[in-house]
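In: Give me the fold of what follows.
(2 chains)
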Number of protein chains: 2
Amino acid sequence: MACARLLRSLLTRNPARIPVVVRSYHHYRIKDLTGDSVCKAGDKINVKGWVKSVRNMKGNLFVDVNDGSTATNFQLVISKDKQLDTAYGSSVDASGVLVASPKNQLELQVDSLKEIGTCPLSEGFPFYPKKSYPPEYVRNHLHLRSRVSTMCSTFRARHEAQRAFNEYLHQNGFIQIHTPVLTSNDCEGAGEAFLVKPLNDQLLKGMAKANVALEHAYFDRPTFLTVSGQLHLEAMSHGLDKVYTFGPTFRAENCKSNIHLSEFYMLELEEAFMESVEELADRIEDMLKRVTVQMLDRSEPDIRLVRKQTSSDAERKDAFGWLEKPFPRLTYDEAIAVLIANKDKLKSPVVPEEGINKEQELLLVEHCQGPLFVCYWPKEIKSFYMRENQQNGNLVDALDLLVPHVGELVGGSVREDSYERLQRKLPNTDALRWYLDLRKFGSVTTAGFGLGFERYLSWVLNVHNIKDVIPFPRWAHNCVM
Amino acid sequence: MACARLLRSLLTRNPARIPVVVRSYHHYRIKDLTGDSVCKAGDKINVKGWVKSVRNMKGNLFVDVNDGSTATNFQLVISKDKQLDTAYGSSVDASGVLVASPKNQLELQVDSLKEIGTCPLSEGFPFYPKKSYPPEYVRNHLHLRSRVSTMCSTFRARHEAQRAFNEYLHQNGFIQIHTPVLTSNDCEGAGEAFLVKPLNDQLLKGMAKANVALEHAYFDRPTFLTVSGQLHLEAMSHGLDKVYTFGPTFRAENCKSNIHLSEFYMLELEEAFMESVEELADRIEDMLKRVTVQMLDRSEPDIRLVRKQTSSDAERKDAFGWLEKPFPRLTYDEAIAVLIANKDKLKSPVVPEEGINKEQELLLVEHCQGPLFVCYWPKEIKSFYMRENQQNGNLVDALDLLVPHVGELVGGSVREDSYERLQRKLPNTDALRWYLDLRKFGSVTTAGFGLGFERYLSWVLNVHNIKDVIPFPRWAHNCVM
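Out: Just a heads-up that it's a prediction; the model follows:
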């Protein structure tokens, strides 16, 4: 192991053995040919990709290709004497010489073009050239969505957003913990969990035990898909301090709303030695601003392409003004007061004992002209694991972050750190005895939150349905592929 | 959006609003106090963490604490006149002045110490001071494993390994695609899938449809937990080219082996325009070497701590010699010939038609003195999606990478790119018609692989059971928490 540095230097001297096939036309990806290109006019190069459009002008063909590496298409110019042809949707392999276009962008004067695979529209390819389709239509062809430019931009932006969250958290000392998808924890009681069992009945029979229902024989107990990794994170936080999880989370709801999915990604974080709602709000606000700035920097062309399709002029203007403003922090009581003062604008009644619904969340966002925190909620409508407020025992030290477009983006709290209070509130003492243990052995106060990743993307990209920011959406009656 | 640069500069001028509480003792995490410290003797600082050991020497207390940020404990020195006390396992908050120890490491001369939570061993804390426990015992206390130093090192190393894979792939142009956990794809037919349904029977009844069994009413069809994201990745690769997925994967097997889990992490990658087994092997070898060197560089203290517990002297010597050697590439026929020549060392018979079992994999690894590829496998024992070899139609363009300790680490192939051949081999034409479509519209050749992340960690850390390199292991009859 002591030789790690030596090995590193060896590897640096022997760079990648990845295909450097000797040929006169060196292969490049299109992102290296557009923008700040690594190539120059006169270079002989090769590109591979899919044909986005073909224009015939005076017998010359102008072909836009894209290989998925960037939002910008790359133009091939095929002079008529070459007698080469291709068509929209095909996959191609093209070699030639780079030339500067009249707009001073690089394009390829094609020497040879091979069509790898054709794209026979008449045999059922769902996307025609120069047409744009409503998202519902595109969503009906999940396996071909990666041929649609705005979808590719969305998935690249998703990739960069995820990287930005991971980087922010690593730089701030957090360890990613893979909390389990399969769990025997009693869910929060709302009956929104999926139950899991082996498909193979023979296997189950072979594993049967007395006192265990056959359907639960694989794990000896009912086993669910996770609805939250928070409790597991709390365990890890006692010893590792700063931890997070960022993975699939599940809800079995019969719901068609544009902000719900049966399988969605949640970023959950837990931080030990954190004792106040204010520190937690600081963490969330700092993270969201820095991550978004990072993402805008790295994904601007993709974000621009997506927002161009989804946004009105008004929405495009000042879309990211919130990055410069502190997020207002209202108490729950203050938020209710705002709602009551504006009740004429609401269809739904304001009932403080029942919380704040989606319509009301969006009114608060409008009132504050951007994201806001609502802090210190009534104990009765929040979860057992939230700490009772020391000044007012009817409240808990919890917060929600509300943002334009989707409403609740983040929910978090300082966790109940008193063994006795927690024991009184625990919904199922037997199954969660381990959770009580955390308050018995080397206990510390922790705080944390969960952020819906698709809601974040939906907000930042201004995509109106979260089904269109996840590669393979699953919801009630829908699980294609 | 045009203002992204401005905003970035604004944010840079207004750094994090994260707690900079004004106090005379500035808080640091222990990783910033050990190794290349950001502090110096004389600084007044505060630390928080868990007590790992307490020694009383001539009335002075020497307390080792750790906060999960590093493998190295930090020493508090409490002079007897302070009359402060604490004990193993407790959580503490200590302030004082940094001094250089006789070994020239920084330690804390404590001014004040607050015990946040005690750790009453007599009430059932499973880990006693100065004792080490077998992994099976530690595994029986999942919620407290984060109090065990080697487990914390393992999870930090896992975090760094994952980062290294993600960074390598991003730098090489790959986009991370979150392939779904829930899928209606017919699994590969081995009957190893888990079936999913809502826990709430009322919900199911409310969603019932004619012609759909009640248990499948939520998604209108049987729905499984993914056994592989490969087919989904292939769809994305047609358009995005270089894609990968890195997430939980599931197998319902009644298996107690030390290299199987019901829920494990798999890194799967798909690359368009890749046409040969040799290029695929290059990619895998390059990735594994660079990722491991990166990880050794960043996690050396953690890896050393774990390997010290798990490895013999022989195992510690030259553990990473493989980083300097090319991986041998045997054909399947050559591998079989090696096994036949060494059959006296095997308990199991060599049957070329049946593949290579675990014992035989490990013999090949021993024979090659390290990792090796086995390439070009008999068609009969491999999957329908692997491309038929052009020289020998009885073979497919597939490879396995075998490594010490675990055997098969990676399996990959060039994918069948002929619509007609694929149609003949497809196990379920109706459910996988979309997969055939990929070969009809803008088809390209793709290649890819799957790598078992826990097996990788098990190999690199020399941990003998993969249940001990994942935070919450799930296997037959075991799903605690």
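In: Helix, strand, or coil at the residue of chain A most remote from its centre?
Out: Farthest-out residue of chain A from its mean C-alpha position, per C-alpha atoms, centre = their mean: A:D81, at 48.2 Å. Classification of A:D81 using DSSP: H, G, I helix; E, B strand; the rest coil returns helix.
In: again with the one 5 residues further on
Out: Under the three-state scheme (three-state DSSP), the conformation of A:T86 reads as coil.
In: Which stretches in the stretch 301-450 of chain A count as strands?
Out: Using DSSP state E, counting those that start in this stretch, the strands of the stretch 301-450 of chain A run over residues A:329-331, A:372-378, A:395-403, A:407-414, A:446-452.
In: Quick check: which of those strands is nearest to chain B?
Out: Of all the strands of the stretch 301-450 of chain A, strand A:446-452 sits nearest to chain B, with 10.8 Å by C-beta to the nearest C-beta. Where C-beta positions appear, they are placed from N, C-alpha and C, glycine not excepted.
In: Alpha carbons only: can I get that closest one in PDB?
Out: The C-alpha trace of strand A:446-452 is given here as PDB (Å, rounded to 0.1, in the frame of the first residue of the first chain):
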ATOM      1  CA  THR A 446     -29.100  15.300  15.400                       C
ATOM      2  CA  ALA A 447     -31.000  17.200  12.700                       C
ATOM      3  CA  GLY A 448     -31.700  16.500   9.100                       C
ATOM      4  CA  PHE A 449     -34.000  16.700   6.100                       C
ATOM      5  CA  GLY A 450     -35.300  15.100   3.000                       C
ATOM      6  CA  LEU A 451     -35.300  16.800  -0.400                       C
ATOM      7  CA  GLY A 452     -37.300  15.500  -3.400                       C
END
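In: Outside of whichever helix or strand comes after that strand itself, list whatever touches it.
Out: Per DSSP states H and E, strand A:446-452 leads on to helix A:453-461 as the next helix or strand towards the C-terminus. By C-beta atoms under 8 Å, 6 or more residues apart in numbering or on different chains, the list of residues contacting helix A:453-461 from outside reads A:154, A:157-158, A:161-162, A:165, A:246, A:259, A:261, A:264-267, A:288, A:292, A:295, A:303, A:306-307, A:310, A:403-406, A:408-409, A:463-466, A:469-470.
In: Stretch A:248-259 now?
Out: Taking C-beta under 8 Å, 6+ apart as the rule, stretch A:248-259 contacts A:181, A:192-194, A:225-229, A:260-266, A:406-407, A:452, A:455, A:458, A:464-467, A:475-476, B:178, B:180-182, B:198-200, B:203, B:206-207, B:218, B:247-248.
In: Return that stretch as CSV; C-alpha atoms alone will do.
Out: C-alpha atoms of stretch A:248-259 as CSV (Å, rounded to 0.1, in the frame of the first residue of the first chain):
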residue,chain,number,x,y,z
PRO,A,248,-34.8,5.6,-4.8
THR,A,249,-37.7,5.9,-2.4
PHE,A,250,-41.2,4.5,-2.8
ARG,A,251,-44.8,5.4,-2.2
ALA,A,252,-47.9,3.2,-3.0
GLU,A,253,-50.5,5.9,-3.6
ASN,A,254,-53.2,6.1,-6.2
CYS,A,255,-52.2,9.5,-7.3
LYS,A,256,-52.0,11.2,-10.7
SER,A,257,-50.6,14.6,-9.5
ASN,A,258,-47.7,16.1,-11.4
ILE,A,259,-45.5,16.1,-8.3
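In: what comes up buried for that stretch?
Out: Within stretch A:248-259, the residues that count as buried by 16 or more other C-beta atoms under 10 Å in any protein chain shown are A:248-254, A:259.
In: can you give me the helices in the stretch 201-350 of chain A?
Out: Here the stretch 201-350 of chain A has its helices, by DSSP state H, counting those that start in this stretch, at A:201-206, A:230-240, A:277-310, A:313-316, A:332-341.
In: avg pLDDT for the first one?
Out: The pLDDT scores in helix A:201-206 average 94.
In: Which residues are in contact with the residue of the stretch 351-481 of chain A found nearest chain B?
Out: Residue of the stretch 351-481 of chain A nearest chain B, by C-beta to the nearest C-beta: A:S443 (3.3 Å). Residues near A:S443 by C-beta under 8 Å, 6+ apart: A:238, A:417, A:419, B:91, B:116-117.
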